[in-house]
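In: Got a predicted structure here, sequence first:
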Amino acid sequence: MSEKLKIAIQKSGRLHESSLRLLKECGISFDNGNDHLKIQANNFPLEILFLRNSDIPQYVEDGVADIAIIGQNLIIEKDKKIEEIMKLGFSKCRLSLAVPKNMKYPGLTWFNGRKIATSYPNTLKKFLDKNNIRLEIHEISGSVEIAPNIGLADGICDLVSSGSTLFKNGLIEVEIILESEACLAAKTDVETKKKILLDKLIFRIKAVLTSRNNKYVLLNAPDKKLDAIKRIIPGIKSPTIMPLAEKGWSSVHSVINENDFWEIIDQLKENGAQGILIIPIEKMIV
Ligand code: PRP
């Protein structure tokens, strides 16, 4: 049987949908309609394993899966022989300490001698040791935010994304321990044959992520402003410039970064650009 790369992704949870979407945007087709825990891709030598989030680092270390899509927070917490290959730009969150919102919070020393509920005992302990705080860690595997309300703990250490779970439970975020997002991770010693497949997958993922961050821009500009416009939207190598039927005007095509979008549009307008069209890019290989 020919070699297959085995990727672990969340069976359920926040990363599940985005992970599947990423694989599909990489041109990998599969049928996951029947809640199977293991499926084969149709057009890429890839086996997809749907696993419980917290078990994934161990499965990758043991070689049950070669690679995984998981949160950076989980790699840090589990401390297994796996490494981050690339950040994936979704499921951004932070691991934070939170306390009841009516509590007077003077700073980290508040936590001395307290009881804190968390699903991240190792990361929390390292943070506390570094800051010379002594407290009791109460490890629970989910619904951490409810702990102070039911008298189980004085505060919590958990993932925060929008902050709505904290808000609903009358808690306020007081310290950020780490920032995290989804990443592609692999065991530290992926064998050579699989490394070739992994490199192919990484190439595709990079093309997808780059396209998500960039937009194709088309506009009409007066010829006398072309030098300024070329400087504003230099594109990958240089913009495409074609004369319009109307004398003294050109059509300019280029690529712009999503983050600079509004600033660039303002500058283009200041330089006489008209009829600006912004188009999503499906894949981008630079
Ligand atoms: C995570 C985390 C928080 C919540 C924070 O739980 O444990 O409970 O998200 O998100 P928010 O700031 O946007 O409200 P998740 O729903 O992923 O499930 P879990 O309890 O299994 O971790």
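Out: Ah, there it is.
In: Nearest residue to Gly63 in space, please, no chain neighbours.
Out: Leaving aside its chain neighbours, Gly63 sits nearest to Lys187 (6.3 Å; criterion: CB to CB, 6 or more residues apart in numbering). For glycine as for every other residue, the C-beta is placed from the backbone atoms N, C-alpha and C.
In: Now that neighbour. Its backbone dihedrals?
Out: Main-chain torsions, Lys187, degrees, to the nearest 10: phi -70, psi 150.
In: likewise Asn102?
Out: Dihedral angles phi and psi of Asn102 (degrees, to the nearest 10) take the values phi -90, psi 0.
In: Which residues of the stretch 51-200 of the chain lie near the ligand?
Out: Counting by CB under 6 Å from any ligand atom, the stretch 51-200 of the chain comes close to the ligand at 142, 145, 158-165.
In: Out of the residues you listed, who's the most crowded?
Out: Asp158 (26 neighbours; other CB atoms under 10 Å).
In: what pLDDT does it get?
Out: pLDDT recorded at Asp158 is 98.
In: quick one: secondary structure of it?
Out: Look at Asp158: counting by DSSP: H, G, I helix; E, B strand; the rest coil, its state is strand.
In: Ignoring the adjacent residues along the chain, who's closest to it?
Out: Excluding its sequence neighbours, the residue lying closest to Asp158 (CB to CB, 6+ apart) is Val144, at 4.3 Å.
In: immediately after the helix or strand harbouring Glu61, which helix or strand?
Out: If you go by DSSP states H and E, Glu61 is part of helix 56-62. For helix 56-62, the succeeding helix or strand toward the C-terminus, using DSSP H and E, is strand 67-71.
In: which residues sit against the helix or strand just after that next one?
Out: Downstream of strand 67-71, the first helix or strand assigned by DSSP H and E is helix 72-78. When contacts are defined by CB atoms under 8 Å, 6 or more residues apart in numbering, helix 72-78 is touched by residues 53-54, 56-58, 82-84, 87, 93, 95, 120, 122-123, 159, 178, 180-183, 185.
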